[in-house]
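Participant: mind looking at a prediction? Sequence and model below.
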Amino acid sequence: MMRRILATLIALLFILAGCDSFRFAPGEAQRKNAWLHSRTTAIAAATAKEEAATEKLQALTKLSQLQSRAITSYYGLPKELPQADTAEQILDESNWQLGRLALVESAERPDAWQVADNALELGIGICALLGGVYGTRAVRFLKQARTKSKALQEIIAGNELFKKNNDTSVVAFKQAHHNQSQQTRQIVAEMKSS
């Protein structure tokens, strides 16, 4: 009974949450970029005021400056602050490169298999700490689940490699999987996409 409940909870966690909800913590490039964004908006607001831009543009740049400060607070300050006292320093090519790097890093997501493996490891550790009969049973169950997860990963990777190298077998694979339940198809599709 406990196995079914635990297996159901783990499966539901990954099906409902998906990989998009897991993100890496902001890296140094992202923190530098957020800080530079804050400086860029501050200098843009000051420039708009100095150059007597329209009230609308001044208000937009001022609001942008406020919004940027919230982003910087969330990301945290970088270890080393880039030079950003003037518009010329901010517009330096290295800051454009930093912006592109931060964009790439912000789109990265953890590997679903690694997240699942880490969750199982955490569960094993917690159950081992709790001990007792149920803790021992749970550890054994979670170790089996981790082994099955790794096996499933290898099977899916092998099938995808086989289909890639054998175009004629793709139709046969689809026919063989036609009788799978919708839930199984959904799980496999999610695993293949990550």
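Facilitator: That came through fine.
Participant: mind naming the longest helix for this protein?
Facilitator: Counting residues, the longest helix found in the chain (DSSP state H) is helix 132-165.
Participant: C-terminal to that helix, what's the next element?
Facilitator: helix 170-176 (DSSP states H and E).
Participant: packing partners for the following helix or strand past that next one?
Facilitator: If you walk from helix 170-176 toward the C-terminus, the next helix or strand you reach (DSSP H and E) is helix 182-193. In terms of contacts (3 or more Cβ pairs under 8 Å, 6 or more residues apart in numbering; DSSP states H and E), helix 182-193 is packed against helix 2-17, helix 112-130, helix 132-165. Just so you know, the C-beta spots here come from the backbone N, C-alpha and C atoms, and that holds for glycine as well.
Participant: kindly provide the whole-number mean pLDDT of the longest helix of the chain.
Facilitator: The pLDDT scores in helix 132-165 average 77.
Participant: which stretches of the chain have low pLDDT?
Facilitator: In the predicted model of the chain, residues 1-24, 109-113, 191-194 satisfy pLDDT under 70.
Participant: now do the domain split for this protein, please.
Facilitator: 2-20+111-193, 24-106 (automatic domain parsing).
Participant: out of these, which is the most enclosed?
Facilitator: Of all those, domain 24-106 has the most neighbours on average by mean count of other Cβ atoms under 10 Å, namely a mean of 15.
Participant: any idea how far that domain is from the middle of the chain?
Facilitator: Relative to the chain's own centre, domain 24-106 is displaced by 23 Å; criterion: Cα atoms, centre = their mean, to the nearest Å.
Participant: which SS state does Leu77 fall under?
Facilitator: coil (DSSP: H, G, I helix; E, B strand; the rest coil).
Participant: the one 5 residues further on now?
Facilitator: Three states are possible here, and by three-state DSSP the one that applies to Pro82 is coil.
Participant: just read off the phi/psi values of it.
Facilitator: phi -70, psi 160 (degrees, to the nearest 10).
Participant: try Asp92
Facilitator: Torsion angles, degrees, to the nearest 10, at Asp92: phi -60, psi 150.
Participant: now it: how far from Ala107?
Facilitator: According to Cβ to Cβ, to the nearest Å, Asp92 stands 24 Å off from Ala107.
Participant: with Ala128 instead?
Facilitator: Distance of Ala128 to Ala107, given as Cβ to Cβ: 36 Å.
Participant: swap in Trp35?
Facilitator: For Trp35, the distance to Ala107 - Cβ to Cβ - is 20 Å.
Participant: equivalent analysis for Lys32, please.
Facilitator: 17 Å.
Participant: what's the answer for Tyr75, then?
Facilitator: 15 Å.
Participant: secondary structure class for the spatially most distant residue from the centre of the chain?
Facilitator: In the chain, Ala52 marks the outermost C-alpha relative to the chain mean, sitting 42.6 Å out by Cα atoms, centre = their mean. Secondary structure assignment for Ala52 (three-state DSSP): coil.
Participant: likewise Glu88?
Facilitator: Recorded secondary structure, Glu88: helix (three-state DSSP).
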